[in-house]
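[1] Predicted model and sequence below, questions to follow.
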Amino acid sequence: MAEQERRDAEAGGDAATAAVASHASSMQRVKVYRLTDAGKWDDQGTGHVSIDYVEGSKELGLTVLDEEDNETLLMHNITSDDIYRKQEETIISWRDRETATDLALSFQEAAGCSYIWEHICEIQRNLQFSNLGALEVGPRQSSESIEASRIMHSNDDSFRANGEFRELPPVELSNLPFILKTVLEGGITDQIHVAELITQDRDFFPKLVDIFRMCEDLENIDDLHMIFKLVKGIILLNSPSIFDKIFSDEFILDIIGALEYDPEVSRVQKHRAFLKDHVVFKEAIHIENVSVVSKIHQTYRICYLKDVILPRILDDATLASLNTMIHSNNASVISLLKDDALFIRQLFARMRSSDISMELKRELVLFLHEFCTLSKSLPLVQQLRLFRDLSGEGVFEIISDVLQSQDRKIVSAGTDILILFLNQDPNLLRSYIVQQEGNSLLGLLVKGMVTDFGEEMHCQFLEILRILMDSFTMSGAHRDIIIEIFYERHLDYLVDVIASSCPPRSLSRSTSNSVRVGGNAEGHHIKPEILLNVCELLCFCVVHHHYRIKCNFLMNNAIEKILTLTRRREKFLVVAAVRFMRTIISRNDEHLIRHVVKFNLLKPIIDVFVDNGERYNMLHSGVLELLEYIRKENIKPLILHVIESFWERDELAKFEHFGSIQAFKLKYNNQYLESAEPRLNASVPDMRKKAEQRGLEKEEEDYFNEDSDEEDSGSGRRPKHAQNQHSKPKPKVPNGSEADDTDDASRPKSAGLVDYDDDDDEAFNPPPKEPSRAAEDDVPLNISPVKRKPVNAVDGKHADGEGRRRQKIETRISCAKIAAVTSTAIKHTDLQNKHASHLPTSATPSTEANGVFRERGTNSEEHQHSVENTETSRQAGGDCIKDVGSMSPEKAVNTTNSSDSEPYSVR
C-alpha cells in the first residue's frame, strides 16, 4: 500500500514537472520572420528563444533553436545601439545591422514576449551603465542575474500581496533600479498605490536627496541619470500630496538639482545657479507675513519647473495639477494681503508720496498691477469687495497720475488696472469721473487714445472708453452725466483730430502721411492706427448714443469732417470711412438721411469707389454692401439721390455690370414708376375738373354762343336738336360763370374760324381761378396753371388748356413715363366707348373744310371728349416713342386723312 502511494506521488511529481516544462516551452516558442526585398515577411521556421552569451564573445544575445532538429535559426547580439519595437503583445522586431535586414519574433504567448522584452531592456540598460561595474562579466553571474530577474518578475513575493504593493524597498542606491521600475511600469492602480506609499514613507525624500548629493559629490553621472528618471517619474505620478513635499522649501532646490542631469541633454543644466544668483525677490513694499513670502517663492519655482525644466515631459493631467496649485497659491497670497489693512494703507501712502524716486514709483505701480491681476484667483464676491476697497483708498487718483507719465510701461500697467476695474464693476470708475472737476480722468483717456504709446496701447484706450460709455451697462444718474461730459468736452476734439490729419481736396492721397495735426493734437504726426481707432469709437457712439450724437452731427457738420478719411492713402482708413457712413445710414434716421442728401455726403464714398475702379478689395465690397443695404431697406431719398446725382454724370453707369448696381438701378426705376404713374393718371381728371370750373369772361361767352356765318358756310346748317342742346341753360360753377359742356379734346382746324398765332396766345390772360383745395397726389407734381389758347371750335378751347398741362407734365417726366400714361389713357377711352355705345345718340355726320370726318351727338359729348383727348395724348407721345424705339407703333397718330392741315398737338 505504501509502495503504491509512493509510486503515485512520483508519477504525480513527474506529471507536474512535465507540465511546468511544457508551459515554459510554450512561453518561449516563437516564429522567426525576415523581411525580404519585396517587402514581405518570410517565415524562417519555428523554435524556442533564449537569452545567453553568444559563443565566442562576451556579449549577451538572442538565440532561436529549431524545435525539430535543434538547428540554429537565429543568433543576434543585443547592443545598446539597436532599436527594438514591441508590437501589440506578441511581436518583437528590430533591424540587424550586420545583415542589414529587418527581423521579427512572433511569440505563441504574450507572457513569453513580455519576459524576453524585459530582459532585452535590462541588458541595454546594463550596457549603458557598464562603467559602474554593476554588471559582472562571467557565465555564472549572468545566469544567476537572469534567473533572479525571472524570479522577481514572476513572484515579487517580498513586496507584493494579492497583486498589490505592500511596501517599497528601502531607498538605497542598489534598490534604485527596482524603485524606478515600480514607478514607471505599473498601471494606473499601481501608480496610485505607489504614490500613497511614497507619501506615507517620511524618509523617502530625505534619503533620496542624500543619495543625490552623494552621487553629485562623487560625480557619478550614471546614477544621477537614474535619479533624474526616478524624480521625473515621481512627478508624473500627479499626486498633490507628493507635490506638497517636493515643492517645499526643504526639498525644492535638491529636486531641481536632480532634474539638471537629463541623459538626453549633453550638458548639465544650471537651474539652481540661475535661481540663486539671477532671480532676485524685489519687495516694492515690505511684506511682514512669512507665509505670504513662502507662497510667493513656491509659486515662482513651480512656474519655473513647469515652463523651463519640464515643458516637453509633462502630460496634460500633470500640467493641469500644477496650474491648479499655482492658482491656489495666488488666491492665498491675495487673500492674506487684502485682509492686512496696514499693508494696503502703507502701499497707497507710499504711492502718493512725492519724495519717492521714479524707479520706486514704477515698482509700486507694477506691484499694484500684479496685485490686481492676481485677484482674479479670488471668488467673485471677494473680488468685488477688494476692488471697492481699493477704490475707496484712491486707486483712480493714482491711475490719473500714472497716465500723465512718459513711461510707456507704467502707462500700460495703469490702463490694465482700469480694464480690470471696468470688467468687475464699471460704475466704480463712472462714479469717480462724475465727481471729478477740471482735468478729468476721462480727458486723459481721450488724449491718451490719440497719443502714440505703442500699437497695443491704442486698443487699450479704445476698450476702456467703450466699456465706460456702454449704454447697456449704464444705470442711474451716471448714464446721462458721463455721456454729456464726453460729448460736450471731448467729441469735437476727436473729430478735429481726424479732420486735421487728412489732406485737403487739392492734395493727393500720396501726401497724406506728411500732414501734421495742428491745434488740439499739438502738431504731432497721427498714426493711421490711431485714426482707425477713433473712427471705430465714433461708430460705437452712433450705435449706442444715437440721439445725442445725431444732434452733434447735425449742428457741427461732423460727418463731413470724418469722411475726409477717404482722402487718406491708407486703404483701411478709407474702408473705415465707408463703414462709418454705413453705420450712420443703418440707424434709418430721417434727419440724418436728409442731412446726408442735403450736403451730398455720399459723394466722397462714390468718388473713392469710382477711383478704385475694377479692383476687387474691401473698399469695393464695402461700397457695394452700402448700396445693397440702401436698396433692401428701401430708403427712397437715398435711392433717388444716388441715381440722380451720380448716375447721370456717368459715374455709376460704367459699373452697371455689377449685380448690386443693376439691382439698385432697377429699384430706382420701379420706385419712380410706382410713384409717378398713379399721380399722373389721377391728375388728368383733376385737371379736367379744374378746367370745367373755370368761368369764361363775358366776351368769350358771347363770342362762342353766337352763330357764326363762317361756321355755317364751312360746315352747313346745324341740326335743330343741336341748337336746342346748345341753348339749354348751363349749370353754375363756384366762380359764378356757366360750366362749359364742350369737349376738352383738340379738334381739326375749321376754315371758317380764326387761327390765332402763338404771339396772340402769349398775350392771352386766362380768367381768374378761385382757389380750391388740391388733391393730395398733385402736390409732388407741382403742376401750375397754364394759359389757354383759343381754337377753331368751342371744344378746342379746353383741349388747348389740357394740351399745355400735358406739356408741363412732359417736361417733368421721361419719355417712358409718357408712354405708360398714354397706354393707360387708351384703356380708359375704350371703357368709355363701350359705355357710350349703349346710350341713345342722335348724330349727324358732316365733313368740314379740312376733310376730317367729325361726328357730333347730343348725348355723346363726354364720349367725344375722351376720344379726342386720347388722340391728343397719342400725338404728344409720338415723337418720344420714335426716339425710344421700343414702344408699340400703335401709339402713333393717324393723319392719313389730313391733307390740308394737321390735328392740333400738345406742346
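    Perfect, I can see it now.
[2] Longest strand in this structure, by number of residues?
    Ranked by residue count, the top strand of the chain under DSSP state E comes out as strand 41-53.
[3] who does that one touch, helix- and strand-wise?
    strand 29-35, strand 60-66, strand 72-77, helix 110-128, helix 139-154 (3 or more Cβ pairs under 8 Å, 6 or more residues apart in numbering; DSSP states H and E). For every residue, glycine as well, the C-beta is placed using N, CA and C.
[4] List the contacts of the closest residue to Phe658 other than its chain neighbours.
    Take Phe658 and drop its neighbours on the chain: the residue closest to it by Cβ to Cβ, 6 or more residues apart in numbering is Leu624, 6.7 Å away. With Cβ atoms under 8 Å, 6 or more residues apart in numbering as the criterion, the residues that contact Leu624 are Phe658, Ser660, Ile661.
[5] So Leu624 versus Ile639, what's the distance?
    Distance of Leu624 to Ile639, computed by Cβ to Cβ, to the nearest Å: 15 Å.
[6] now Glu628
    12 Å.
[7] Contacts for the strand or helix carrying Pro604, please.
    Using DSSP states H and E, Pro604 maps to helix 603-612. Residues outside helix 603-612 that contact it (Cβ under 8 Å, 6+ apart): 563-564, 566-567, 574, 577-578, 581, 619-620, 623, 626, 642, 645-646, 651-652, 655.
[8] Filter the contacts of Leu624 down to the buried ones and express that as a PyMOL selection.
    Buried subset of the contacts of Leu624, written as a PyMOL selection, criterion 16 or more other Cβ atoms under 10 Å:
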select buried, resi 660+661
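[9] What count of nearby residues applies to Asp202?
    Just so we're on the same page, residue 202 is Arg rather than Asp. Residues near Arg202, counting by other Cβ atoms under 10 Å, number 9.
[10] Any chance of the backbone angles for it?
    Backbone torsions of Arg202, given as degrees, to the nearest 10, read phi -70, psi -20.
[11] which residue packs closest to Leu420, ignoring adjacent ones?
    That would be Cys372: by Cβ to Cβ, 6+ apart, it lies 5.0 Å from Leu420.
[12] Show me which of the contacts of Leu624 is closest to Asn323.
    Checking those against Asn323 with Cβ to Cβ, the nearest one is Ser660 at 51.4 Å.
[13] unless I'm mixing things up, the closest one is touching Glu628, no?
    Yes - with contacts counted by Cβ atoms under 8 Å, Ser660 reaches Glu628, the gap being 5.0 Å.
[14] okay, now the domains of this protein?
    25-131, 175-337, 455-504+525-583, 600-674 (the TED database).
[15] most tightly surrounded among those domains?
    Of those, the one with the most neighbours on average (mean count of other Cβ atoms under 10 Å) is domain 455-504+525-583, at a mean of 18.
[16] Identify each of the helices in the stretch 301-450 of the chain and give its residue range.
    316-338, 341-352, 358-374, 380-392, 395-403, 408-424, 426-435, 441-449 (DSSP state H, counting those that start in this stretch).
[17] mind listing the strands for this protein?
    Ranges of strands in the chain, per DSSP E, are 29-35, 41-53, 60-66, 72-77, 85-87, 91-96, 101-107, 160-161, 164-165, 843-847, 853-857.
[18] for these, which one sits closest to Ile467?
    Nearest to Ile467, of those and by Cβ to Cβ, is strand 164-165 at 57.3 Å.
[19] if I look at Arg85, how far off is Cys121?
    12 Å.
[20] before we move on, the earlier item: I'd like the helices of the stretch 301-450 of the chain laid out as CSV, including distance to Asp249.
    Compiled in CSV, those are given as follows (distance: least, Cβ to Cβ, whole Å):
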stretch, distance to Asp249
helix 316-338, 13
helix 341-352, 23
helix 358-374, 21
helix 380-392, 28
helix 395-403, 34
helix 408-424, 30
helix 426-435, 39
helix 441-449, 43
